[in-house]
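Chemist: The following block contains a protein sequence and its predicted model.
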Protein chains: 2
Amino acid sequence: MSAPDPPPSTALVDLLALLAYGELQAFDQMATDARLAPNLHRRAVLSEMAAAEIVNYRRLAGRLTELGVDVEAAMRPFVPPLEHYHDQTEPRDWLEALAKAYVGDGIADDFYREAALCLDSPDRELVLDVLHDSRYADFAAQEIRDAIAADPKVANPLSMWARRLVGEGLSQAQRVAVERPALTVLIAGRAADQDGIGALFKRLTTAHTARMAAVGLNN
Amino acid sequence: MSAPDPPPSTALVDLLALLAYGELQAFDQMATDARLAPNLHRRAVLSEMAAAEIVNYRRLAGRLTELGVDVEAAMRPFVPPLEHYHDQTEPRDWLEALAKAYVGDGIADDFYREAALCLDSPDRELVLDVLHDSRYADFAAQEIRDAIAADPKVANPLSMWARRLVGEGLSQAQRVAVERPALTVLIAGRAADQDGIGALFKRLTTAHTARMAAVGLNN
């Protein structure tokens, strides 16, 4: 008989639960955004992408259960910050919805990818695997580019919208950082061991700026 | 070289397109209803079920494309009646949402099952296959039963709600029947060849009454 597995660390449970609830919320947001689609084809595309988030949710919830964790209880602390973010950034139209997915999920995914590197196998691979594949980002980016090409006037208000998303996202991320110190220590600890927390923020910022420029938005 | 396939009949295209749009709408409705869930576990269950509808949508849309049909154009005539039905029957709480799925989808599925028998292979099998599997109905039925057991007073308003759903559903079904005569002729023709249209309605009604009784609702 092998020794029982040690209980999972709080930081690991927090990260998996944050991601799991994030997938549920992303599903909800994309399903709602699908109604803003200008035609049935685009509506179907977005609905299909929303459905893919649920497959990821299932995998994360399955892993938490395997670790002996009550999934619902583990996700609960992340409900208020994520709901607050989404309530404060409810898209008013199709382009705002796409920009939110492209900009907001882009930063979040970059951050989760950094966090995944703090985990051991098999959780590291699981997290990297469930991060939004690029299909949705590619679709959103193309729609934004086309819209700006058709009417360059949309670029400015859309850039302002993207800045607001980043601001709201950062303030909720700070809240999570304070309320869930184990997760913060895990990520900050690895950053300190490597090239420092400043370098981590620099990487996230550089990637964000490049993403904005790639679709014609200004930072 | 084999001869090209004959163009698909209007009735077949109509039925596949009606089902395809129905799946998209069901996804949308269930994703919205998931927000009414009293806890995260139930919310996740409903979100997962919503995602399953999209898999069905994909299969139906794939078949229409294979038949050389423009999926969006084929679905368009069914948008107004289905949207009207859903707008008129927006659930106000979790139990109304479940009763809508259980009662409304139950009748719709029975009807589509009858319609499927008018089709040739492989479309007959495809339609039978994508009809809501019983998982959702079982889940909804159990929730309704539990709610009535916990508080018998909910049975009456919920029964009234179910009657309203049937009424709204019938009036939109009549609209489709008038606007899409090919589909009507297909279904009525088979019914006439068998035991008559009266018998078809009788089967649908009997199944509906049994479904209501099974969860403690009165007709």
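Modeler: Sure, I can see it. Numbers count the residues shown, from 1 in each chain, chains lettered A, B, ... in the order given.
Chemist: The closest residue to A:P91 other than its chain neighbours: neighbouring residues, count only.
Modeler: With sequence-adjacent residues excluded and distances taken as CB to CB, 6 or more residues apart in numbering or on different chains, A:P91 is closest to A:A97, at 3.8 Å. Any C-beta I mention is one placed from the backbone N, CA and C, and that applies to glycine too. Residue neighbour count, defined by other CB atoms under 10 Å in any protein chain shown, stands at 23 for A:A97.
Chemist: can you check A:L67 too?
Modeler: Taking other CB under 10 Å as the criterion, the count of residues near A:L67 is 17.
Chemist: ok, it - contacts?
Modeler: By CB atoms under 8 Å, 6 or more residues apart in numbering or on different chains, A:L67 lies in contact with A:5, A:8, A:12-13, A:16.
Chemist: Against A:A207, how distant is A:I107?
Modeler: Using CB to CB, to the nearest Å, we find A:I107 at a distance of 8 Å from A:A207.
Chemist: Please say which of the two ends up with more neighbours.
Modeler: Between A:I107 and A:A207, A:I107 has the larger neighbour count (other CB under 10 Å), namely 19 against 16.
Chemist: coming back round to it: the contacts of A:L67 also near chain B: which ones?
Modeler: Subset of the contacts of A:L67 in contact with chain B: empty, counting by CB under 8 Å from any CB of the partner chain.
Chemist: Give the ChimeraX command for selecting the buried subset of these.
Modeler: Buried residues among those (16 or more other CB atoms under 10 Å in any protein chain shown), as a ChimeraX selection:
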select /A:8,12,13,16
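Chemist: quick one: pLDDT of the residue in chain A positioned nearest to chain B?
Modeler: Per CB to the nearest CB, A:A31 is where chain A lies closest to chain B, at 3.4 Å. On pLDDT, A:A31 comes in at 92.
Chemist: Then the one 10 residues further on?
Modeler: The score at A:H41 is 91. That number is its pLDDT.
Chemist: What is the burial count for the closest residue to it other than its chain neighbours?
Modeler: Spatial nearest neighbour of A:H41, excluding adjacent residues (CB to CB, 6+ apart): B:E72 at 5.0 Å. Neighbour count for B:E72, taken as other CB under 10 Å: 18.
Chemist: do the same with A:K153
Modeler: Residues within reach of A:K153, counting by other CB under 10 Å, total 9.
Chemist: and chain A, which residues reach chain B?
Modeler: Checking chain A against chain B by CB under 8 Å from any CB, the hits are A:21, A:24, A:27-28, A:31-32, A:34-35, A:39-41, A:43-44, A:47-48, A:50-55, A:57-58, A:61, A:71-72, A:75-76, A:79.
Chemist: Any of the residues you listed buried? List them.
Modeler: For the residues of chain A next to chain B, a burial check counting by 16+ other CB under 10 Å picks out A:21, A:24, A:27-28, A:31-32, A:34, A:40, A:43-44, A:47-48, A:50-54, A:57-58, A:61, A:71-72, A:75.
Chemist: Contact partners for A:L24?
Modeler: The neighbours of A:L24, taking CB under 8 Å, 6+ apart as the test, are A:53-54, A:57, A:75, B:40, B:43-44, B:47.
Chemist: Oh, that last question was meant for A:R163, not what I typed.
Modeler: Contact analysis of A:R163 by CB under 8 Å, 6+ apart lists A:N219.
Chemist: can you pull the pLDDT of A:D109?
Modeler: Value listed for A:D109 in the pLDDT field: 90.
Chemist: any idea whether A:P91 is helix, strand or coil?
Modeler: When classified by DSSP: H, G, I helix; E, B strand; the rest coil, A:P91 comes out as coil.
Chemist: In this model A:R35 seems to touch it, though I could be wrong.
Modeler: No. The pair A:P91 and A:R35 fails to qualify as a contact (CB atoms under 8 Å) at a distance of 10.6 Å.
Chemist: same for the helix-or-strand element of chain A with minimal mean pLDDT, what does it pack against?
Modeler: In chain A, the helix or strand scored least confidently by mean pLDDT, DSSP states H and E is helix A:181-193, which has a mean of 85. Secondary-structure packing of helix A:181-193 (3 or more CB pairs under 8 Å, 6 or more residues apart in numbering or on different chains; DSSP states H and E): helix A:10-33, helix A:105-116, helix A:155-179, helix A:197-214.
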